[in-house]
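1. Give the three-dimensional model of this entry:
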Amino acid sequence: MPTTIPREQISPLDPSARPPLLAARSFLDATLSRAWTNRGLHEWFDRHLVAAGWMALPLAVNEPGVGSVALHGKGANEPDPQLTALLDAARKEIVTALSGLLETPPDDRFLAVVIYAGRVRRRRLTWGTEWTPHPEPTAPLSAVVLSVLAADILAHRDFYEEQLAICDICARVVFEEGAVARRRRCSDHAHPESGTFPIHAEREAEAVAGVDRDDER
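-> Below you'll find the predicted structure:
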């Protein structure tokens with residue numbers, strides 16, 4: 001049975017005390033490496049959502065525009081191009097929604113969508129409000145993960161404002177102190193070897209092309 005952790009014992013920097021954040025980070029990291037087989041996704045559901053009592057294990061996962069993939073059957077440990085495409089599509093949807101939090105002003109409309117769809121539950125306790133994910137088994141995979149993220153964001157919004165970063169180059173989602181200074185770069189791409197960020201290189205190329213055209217005149 002899931003347990004409630006008193007608020008005074010929860011550190012926003014300790015993901016082990018925040019199951020929704022741990023579940024979301026596990027999904028985002030695994031789908032970035034594209035190493036998951038059917039069994040890997042199955043185990044993620046079992047470990048993070050079913051064991052927590054947030055949802056029943058779905059028979060299949062689906063994502064709009066991609067289709068569905070069964071979570072049971074033969075070949076669970078074999079690479080599945082259809083599953084890879086589905087995970088890629090779900091991850092893109094999730095990262096796009098999270099990226100809205102980095103805008104000025106923040107675009108957090110996906111939180112209202114999750115709440116309106118009933119995919120998170122709120123409970124008032126003596127120390128405050130507790131949010132827990134409550135996605136339906138038939139929901140798109142991206143909606144399942146966004147419900148997990150929404151529960152954590154609604155309880156720890158300051159943490160996301162201070163530590164969320166999403167790399168424009170590799171789409172890695174990271175949480176770390178000092179992320180505000182480079183919200184669009186992970187540590188691997190904070191200082192490209194060329195010394196020039198891709199967008200800067202593109203602008204320099206455009207500038208050079210403009211000079212060449214002037215010379216031709």
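
2. next one: phi and psi at Glu63?
-> Here is the backbone geometry of Glu63 (degrees, to the nearest 10): phi -150, psi 130.

3. Run through the bridge partners of it.
-> In this structure, Glu63 bridges to Gly67 when assessed by DSSP bridges.

4. ok, it - contacts?
-> Under the criterion of CB atoms under 8 Å, 6 or more residues apart in numbering, the neighbours of Glu63 are Leu86, Ala89, Ala90, Glu93, Pro140, Leu141, Ser142. Quick note: C-beta positions are derived from backbone N, CA and C, even for glycine.

5. How much space separates the first one from Thr37?
-> Right, the one you point to is Leu86. As defined by CB to CB, to the nearest Å, Leu86 lies at a distance of 13 Å from Thr37.

6. so how far is the helix or strand that contains Tyr160 from its chain's centroid?
-> Remark: Tyr160 resides in helix 157-163, with elements defined by DSSP states H and E. Helix 157-163 sits 14 Å away from the centroid of its parent chain (CA atoms, centre = their mean, to the nearest Å).

7. mind listing what's buried in that helix?
-> Of the residues in helix 157-163, those scored as buried under the neighbour-count criterion (16 or more other CB atoms under 10 Å) are Phe159, Tyr160, Glu162, Gln163.

8. How about stretch 47-65?
-> For stretch 47-65, burial by neighbour count (16+ other CB under 10 Å) applies to His48, Leu49, Val50, Ala52, Trp54, Met55, Pro58, Val61, Asn62, Glu63.

9. Going by distance to Ile169, which of the residues you listed wins?
-> Using CB to CB, the shortest approach to Ile169 within the buried residues of stretch 47-65 belongs to Glu63, at 23.9 Å.

10. what does stretch 29-48 rub up against?
-> Contacts made with stretch 29-48 from outside it, assessed by CB under 8 Å, 6+ apart, are listed as 19, 22-23, 26-27, 57-58, 61, 69-73, 75-80, 83-84, 87-88, 90-91, 148, 170-173.

11. returning to that earlier point: sitting in strands, which of the buried residues of stretch 47-65 do you find?
-> Val61, Asn62, Glu63 (DSSP state E).

12. Report pLDDT for the second one.
-> Think Asn62. We note a pLDDT of 97 for Asn62 in this prediction.

13. what about the residue lying closest to it once chain neighbours are set aside, how many neighbours?
-> Residue nearest to Asn62 in three dimensions, not counting chain neighbours: Ser68, with 3.8 Å by CB to CB, 6 or more residues apart in numbering. Using other CB atoms under 10 Å, Ser68 is surrounded by 16 other residues.
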